[in-house]
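A.B. asks: could you look at this predicted model? Sequence included:
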Amino acid sequence: AQKITQTQPGMFVQEKEAVTLDCTYDTSDPSYGLFWYKQPSSGEMIFLIYQGSYDQQNATEGRYSLNFQKARKSANLVISASQLGDSAMYFCAMREVLNQAGTALIFGKGTTLSVSS
Amino acid sequence: DVKVTQSSRYLVKRTGEKVFLECVQDMDHENMFWYRQDPGLGLRLIYFSYDVKMKEKGDIPEGYSVSREKKERFSLILESASTNQTSMYLCASLSPGQGDYTQYFGPGTRLTVL
């Protein structure tokens, strides 16, 4: 069965510093996709970044990058130059094929990031 | 931009009431999903639908049903609400046919059952 593990319930970082949020996954499917979402206190889930299992390079989106280590089955999110607005809960997720027509996401339990000035 | 809307941000209901949570997306997505989110448990899939009138159970379907009469609308139904269904409910959609497996989420509904 597919599984996503986030072992850090909470992380604290100072403004302008970089922070890494850990994510490990387990799947026997050779084709998969990994996502990171941000959830501020308002509740909406905001898509941040995506990495496909066959992508040769690590994904980057602005201040977000995904440190993809396939052999170790890890997909850590790196946020550079943290800002106060980065304070939120962060979820790692993996695409799961449900049937021929449908896919869904399975989520980790999340990491709460707190950025201080 | 994809837009997914949910009928209520906050809802308070009494035990035993029938509750409808509505979700609408405006991007012609085939797949729609209902998740519930609880502290320490992350998001768990309740039901999903891959086409009109097609639905399948997710990981925690007990106590819930769904309806998808039109492509853009996916409803979650609590037939007889119970206090253990107090939670945050998130709707999402995607279109695998477009080659984009990103799920787009609505703003969520915080349901309290008293």
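C.D. replies: Thanks, I have it.
A.B. asks: neighbours around residue 53, how many?
C.D. replies: Assuming you mean chain A. 17 (other C-beta atoms under 10 Å in any protein chain shown). Backbone N, C-alpha and C define where each C-beta goes, glycine included.
A.B. asks: my question was about chain B, not that one.
C.D. replies: As a burial measure, residue B:53 scores 9 neighbours (other C-beta under 10 Å).
A.B. asks: pretty sure it sits against residue B:71.
C.D. replies: No: using C-beta atoms under 8 Å, residue B:53 is not in contact with residue B:71; the gap is 10.0 Å.
A.B. asks: poorly predicted segments of chain B, please.
C.D. replies: Within chain B, the stretches with pLDDT under 70 are B:1-2, B:96-100.
A.B. asks: quick check: beta-bridge partners of residue A:105?
C.D. replies: residue A:95 (DSSP bridges).
A.B. asks: just the CA coordinates of the strand or helix carrying residue B:92, formatted as CSV?
C.D. replies: For residue B:92, the host element (DSSP states H and E) is strand B:87-95. What follows is strand B:87-95 as a C-alpha-only set of coordinates in CSV (Å, rounded to 0.1, in the frame of the first residue of the first chain):
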residue,chain,number,x,y,z
SER,B,87,-14.5,18.1,11.0
MET,B,88,-13.1,20.2,8.2
TYR,B,89,-14.4,19.0,4.8
LEU,B,90,-12.5,19.7,1.7
CYS,B,91,-13.6,19.3,-1.9
ALA,B,92,-11.2,18.9,-4.8
SER,B,93,-11.2,18.4,-8.5
LEU,B,94,-8.7,17.5,-11.3
SER,B,95,-8.7,16.5,-14.9
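A.B. asks: show me what from chain A comes close to chain B.
C.D. replies: Chain A comes close to chain B at residues A:33, A:35, A:37, A:42-45, A:47, A:50, A:91, A:93, A:95, A:98-99, A:101-110, as judged by C-beta under 8 Å from any C-beta of the partner chain.
A.B. asks: buried ones only from these, please, as a PyMOL command.
C.D. replies: Listed next is the PyMOL selection for buried residues among those, using 16 or more other C-beta atoms under 10 Å in any protein chain shown:
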select buried, chain A and resi 33+35+37+43+45+47+50+91+93+95+98+102+103+104+105+106+107+108+109+110
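A.B. asks: out of the residues of chain A next to chain B, which sit inside strands?
C.D. replies: A:33, A:35, A:37, A:47, A:50, A:91, A:93, A:95, A:103-107 (DSSP state E).
A.B. asks: make TSV out of those residues and add distance to residue B:17 and pLDDT.
C.D. replies: Listed next are these as TSV, based on distance: C-beta to C-beta, whole Å; pLDDT from 0 to 100:
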residue	distance to residue B:17	pLDDT
A:33	39	90
A:35	35	94
A:37	31	95
A:47	34	90
A:50	39	91
A:91	30	96
A:93	32	94
A:95	35	86
A:103	33	76
A:104	28	81
A:105	30	87
A:106	31	90
A:107	29	92
